[in-house]
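[1] quick one, what's the 3D model for this:
(3 chains)
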Amino acid sequence: MHRVPSDSTARFALGELAAQLGAELIGNPARIVSRISPLESATPEAISFLSNPRYLSQLADSQAGCVIAAPAHREAAAQRGDALIAADPYLCFARLTQLWAARARDSVAAVVHPSAVVHPQAQLGRDVSVGALAVIEQDVVIGDGAVIGAQCFVGAGASVGTRTRLHPQAVLGAGCHIGARGIVHSGVVIGADGFGFAPNAGRWEKIEQLGGVRIGDDVEIGANTCIDRGALEDTVIEDGVKLDNLVQIAHNVHVGAHTAMAATAAVSGSTRIGAHCTLAGGAGVAGHVTIADHVHIGPRASATRSLLKPGLYSGLFPIDDNASWEKNAATLRQLHQLRDRIRALEKNNENKPS
Amino acid sequence: MHRVPSDSTARFALGELAAQLGAELIGNPARIVSRISPLESATPEAISFLSNPRYLSQLADSQAGCVIAAPAHREAAAQRGDALIAADPYLCFARLTQLWAARARDSVAAVVHPSAVVHPQAQLGRDVSVGALAVIEQDVVIGDGAVIGAQCFVGAGASVGTRTRLHPQAVLGAGCHIGARGIVHSGVVIGADGFGFAPNAGRWEKIEQLGGVRIGDDVEIGANTCIDRGALEDTVIEDGVKLDNLVQIAHNVHVGAHTAMAATAAVSGSTRIGAHCTLAGGAGVAGHVTIADHVHIGPRASATRSLLKPGLYSGLFPIDDNASWEKNAATLRQLHQLRDRIRALEKNNENKPS
Amino acid sequence: MHRVPSDSTARFALGELAAQLGAELIGNPARIVSRISPLESATPEAISFLSNPRYLSQLADSQAGCVIAAPAHREAAAQRGDALIAADPYLCFARLTQLWAARARDSVAAVVHPSAVVHPQAQLGRDVSVGALAVIEQDVVIGDGAVIGAQCFVGAGASVGTRTRLHPQAVLGAGCHIGARGIVHSGVVIGADGFGFAPNAGRWEKIEQLGGVRIGDDVEIGANTCIDRGALEDTVIEDGVKLDNLVQIAHNVHVGAHTAMAATAAVSGSTRIGAHCTLAGGAGVAGHVTIADHVHIGPRASATRSLLKPGLYSGLFPIDDNASWEKNAATLRQLHQLRDRIRALEKNNENKPS
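    All right, here's what the predicted structure looks like:
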């Protein structure tokens, strides 16, 4: 991407931050902070935050120039120095990082780099940035203010919503769509063929994947994540979904709004995942099942059946020192026999006079 | 890729489909279908199929204009309207999608985009298409009718067989080979170094990977999948193999013909996998083992030893609600002791007069 | 990459190899070898090695022209023909592959390909090679002798150390740094945003990731691996770390020196992994935990808590034939009840007169 040079760090007066974040300032509005840091490593130039009461003990000793804290910790925060009081300090911190990024990062010039290959029949909105050596094919529609990173590929007939940003080397396949304000990281592949074959006398006959991918607004997709196109209809990712790196979304999957999946999670074909779900890292969901809204699947757990009740589900084999694991794993393979032996013992006991 | 514009949908008369698919038509040969749909969502413009008798109940109510069905369901199919009778409806459906794709998709113009960087000593066959900003190094050989997508990289001395198609941003490393009619999706890396190091006083000394990758005909490789080059000899993928997305094939692995691996499967180094095997999503195979022909490994199961007998193998920790999982997982770590306790009870019982 | 053509194979006289490898030659220094092969497939033109005494039985029958062996196997090696005696044959083999690669592979011409897009404010050292269609943004610093492969992306303010090599289509994000003599394979994404969001009334508010990635010297990173930038501070990979393909390193992770991770391993955010650790294929580490130096985590095991003692830890569900697995998995879900039944039996026994 072309960048307009700027300072690589940001500086804010506390009064300005209070105003922009809608927080109450206790202390000196003219004080300048030039860094965001965790409580324990913060210096006087830094602003920090206390979002988890577990870290309350670090508050008093923190060298931070200012601390964001909840109303419940107003006293403790004020005692140690300048503070911003916000109903949800973690949310306030998130917004602080957004202010920071807007100021610290070079803005992207709204130009099409001359080395990009943009089809004359592509429609670019206003203030679109196209990076060096990007490829935009025919009939593509790019919304206002969108950023197509260097070396990205946007296939024929695809569309990118307003202010969505594709990082360098992202791939948006032909006929696939992403809404507004999305973020697509490098190496993402949207719209590769779903994995569909009919067996034919020991060989695999390809089922051409005729659907596309439809992605809503405010979706973020992590590096090297794959979202396959549907077989007949579209694979659908609804608004506000957040996918981490190396996630696999197979063909015809439907992911409900505001669901988040951590890295290396994988969803098999034709599965329907509800809204407001979370998949922890490495979690998996089998094909052709339904996951209700507000289901949370723990790390590396595999939902092999539908989960129709909200709640937390787990399924991770516990780690152990190797010697213990070896003994337990060997016994595990006889588990069913152990159950039978317990049953026999119970029967035996029943038959005996007590 | 350059595309020659065309209609984005296809239209077929049933008579034409029957002829091309070798199916028997019951009904009106002039009827036009313009969509392929599942039974339950099909409209009168759509052709659908009944491949699994489980969905027989949906047949009567389907609004599809035509249904592909097996001879066993001829009656039921004919009663509801036009039908194509085929010995294997799923295979017939697969071929239908192929006809559809051939008609619906823009054909790729057989030109080398002027922005591609093609070494003068590369040999391109007839009717080869090279997309925008692709790189083809010296001594590469590209077969007739092959399609090298936009921004692909084909390293020195590599070769691509007849009519094989590399999607945008695929990487075929130096000295690596893929046969005819292959499909390589975006983000695939063929020919990165295998992971080989000799320990040397607490550091790792690189073992240069001097082999290549040899891939047969009719192989499909999913997005962001990696196939490493061999250490001394080649990593080999035989004819007809299908790999889904984010699959890892380590150095010196040999994958037998017509084996299929679903997404995020992983095979460690020097392992030999037979022909006609399947690895379900997330399945893994350890290094230096042998998997016989016709072995099927279930989702996320890990073959840590050779599997020399055909059949289905499984090894997935069951998911549960979190509270139950926590109790069971804690007990699991004492499993070996439980076995000992059962043994003690049994001994105790034996010693007692019955 | 541009390559200067050369023979694709190497030839060495044994005397030359002995000198360069610091090994003792038994046999004919003028003998030429033109291939490195495993013992069992070696021909008289090949040099082979015996690193694992397990393969001692293959030594006598090997057709290799020369064999690298340990002093302990000097007799056996000499009896069958020419030999190189080295204290650590596997390390000697590793260095042999390095000599081989240096001779067999085309050297990379130290030129900037005219199609590369290099910002005028980027600083390139001496003898830097920049491949076709690479993008190097402003304020990038590239060390002497570094190789930036074709179609790579190096973001604004990033730096690449001396003689580090980025393979085609690697991404080094803005403000990220890699030291000297590194190897970054194709598809790697360094510096995508860490996965950080604050919940906000059922939606996710982005926490901008303001840190970078700092990678030491002699680090190798496998294909399609992701290393995210830190939230506030940097994600750190220390010297000598080796990461295989499709590995996930989340934001704020710290990986100690000379730690190696096999393919598809994954480390969650803010975790600190010690030096000289190994993670086997598919191993995982939860967020916010600490792994001590010299911890080894077995295949697909998941460290959900800190591991503060060196040693080998395992946690892999054993594979089984499907029928046995089904029975055991079903029983596993009642494991805690089984424990209770054993306890009841034990109590019952205690209460009985013996």
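[2] what's the neighbour count on A:Val117?
    Counted with other C-beta atoms under 10 Å in any protein chain shown, the neighbours of A:Val117 add up to 20. In short, each C-beta sits where N, CA and C put it, glycine included.
[3] tell me the contacts of it?
    Counting by C-beta atoms under 8 Å, 6 or more residues apart in numbering or on different chains, A:Val117 makes contact with A:Leu133, A:Ala134, A:Val135, A:Ile136, B:His113, B:Ser115, B:Ala132, B:Leu133, B:Ala150.
[4] swap the cut-off to 10 Å and go again
    A:130, A:133-137, A:153, B:113-116, B:131-133, B:150-151 (C-beta atoms under 10 Å, 6 or more residues apart in numbering or on different chains).
[5] state the distance from it to C:Val171.
    19 Å (C-beta to C-beta, to the nearest Å).
[6] picking that back up, which of the contacts of A:Val117 are buried?
    The neighbour-count test (16 or more other C-beta atoms under 10 Å in any protein chain shown) marks A:130, A:133-137, A:153, B:113, B:115-116, B:131-133, B:150-151 as buried among those.
[7] can you tell me which of those are up against chain C?
    Among those, the ones lying near chain C by C-beta under 10 Å from any C-beta of the partner chain are A:Leu133, A:Ala134, B:Ser115, B:Ala116, B:Leu133, B:Gln151.
[8] now the second one. Its backbone dihedrals?
    Torsion angles at A:Ala134 (phi, psi; degrees, to the nearest 10) stand at phi -70, psi 160.
[9] circling back: now the two most distant members of the buried ones among the contacts of A:Val117.
    Largest separation among those by C-beta to C-beta: A:Val130 and B:Ala116, giving 18.6 Å.
[10] gap between the two ends of stretch A:276-291?
    Distance across stretch A:276-291, first residue to last, is 11 Å (C-alpha to C-alpha, to the nearest Å).
[11] buried stuff in it?
    Per 16+ other C-beta under 10 Å, stretch A:276-291 contains these buried residues: A:276-287, A:289-291.
[12] repeat for stretch A:12-30
    With burial defined by 16+ other C-beta under 10 Å, the residues of stretch A:12-30 counted as buried are A:Phe12, A:Leu14, A:Leu17, A:Ala18, A:Leu21, A:Ala23, A:Leu25, A:Ile26, A:Gly27.
[13] mark which of the residues you listed are part of strands, please.
    A:Phe12, A:Leu25, A:Ile26 (DSSP state E).
[14] which of these lies closest to A:Ala76?
    A:Ile26 (11.4 Å).
[15] got the contact list for the closest one?
    Counted by C-beta under 10 Å, 6+ apart, A:Ile26 has contacts A:14, A:18, A:66-67, A:69, A:74, A:77-78, A:81-85.
[16] would you show me how to pick out the buried ones of those residues in PyMOL?
    Remark: buried members of these, expressed as a PyMOL selection using 16+ other C-beta under 10 Å:
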select buried, chain A and resi 14+18+66+67+69+77+81+82+83+84+85
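[17] need the max-distance pair from the contacts of A:Ile26.
    A:Leu14 and A:Arg74 (15.7 Å).
[18] so what are the domain limits for chain A?
    Listed domain ranges for chain A are A:3-107, A:117-313, A:323-351 (source: automatic domain parsing).
[19] number of residues surrounding the residue of the stretch 151-300 of chain A found nearest chain C?
    Nearest to chain C, among the residues of the stretch 151-300 of chain A, is A:Ala223, at 3.8 Å (C-beta to the nearest C-beta). Other residues within reach of A:Ala223, judged by other C-beta under 10 Å, total 33.
[20] cool, A:Ser57 as well?
    When neighbours are counted by other C-beta under 10 Å, A:Ser57 comes out with 9.
[21] show me what contacts it?
    With C-beta under 10 Å, 6+ apart, A:Ser57 has these contacts: A:Leu39.
[22] that one - that's part of a strand, no?
    No - read with DSSP: H, G, I helix; E, B strand; the rest coil, A:Ser57 is helix and lies in no strand.
[23] tell me how far it lies from chain B.
    In this view, A:Ser57 and chain B are 28 Å apart by C-beta to the nearest C-beta, to the nearest Å.
[24] retrieve the pLDDT associated with that residue.
    Reported pLDDT at A:Ser57 in the predicted model: 90.
[25] if I look at it, how far off is chain C?
    17 Å.
[26] burial of the closest residue to A:Glu238 other than its chain neighbours, as a residue count?
    Using C-beta to C-beta, 6 or more residues apart in numbering or on different chains and skipping residues adjacent in sequence, the residue nearest A:Glu238 is A:Ala257, 4.1 Å away. A:Ala257 is flanked by 20 other residues according to other C-beta under 10 Å.
[27] my guess is A:Ala257 contacts A:Gly240. True?
    Yes - taking contacts as C-beta atoms under 10 Å, A:Ala257 lies within contact range of A:Gly240: 5.2 Å.
[28] hey, what's in contact with both of those two?
    Joint contacts of A:Ala257 and A:Gly240 (C-beta under 10 Å, 6+ apart) are A:Gly216, A:Asp217, A:Asp218, A:Val219, A:Ala275, A:His276, C:Gly202, C:Arg203.
[29] next up, the contacts around the fourth one.
    Contacts were defined as C-beta under 10 Å, 6+ apart; by that measure A:Val219 touches A:161, A:164, A:178-184, A:227, A:237-243, A:255, A:257-258.
[30] narrow these to those in strands?
    A:Ile178, A:Ile183, A:Val184, A:Ile227, A:Ile237, A:Lys242, A:Leu243, A:Val255.
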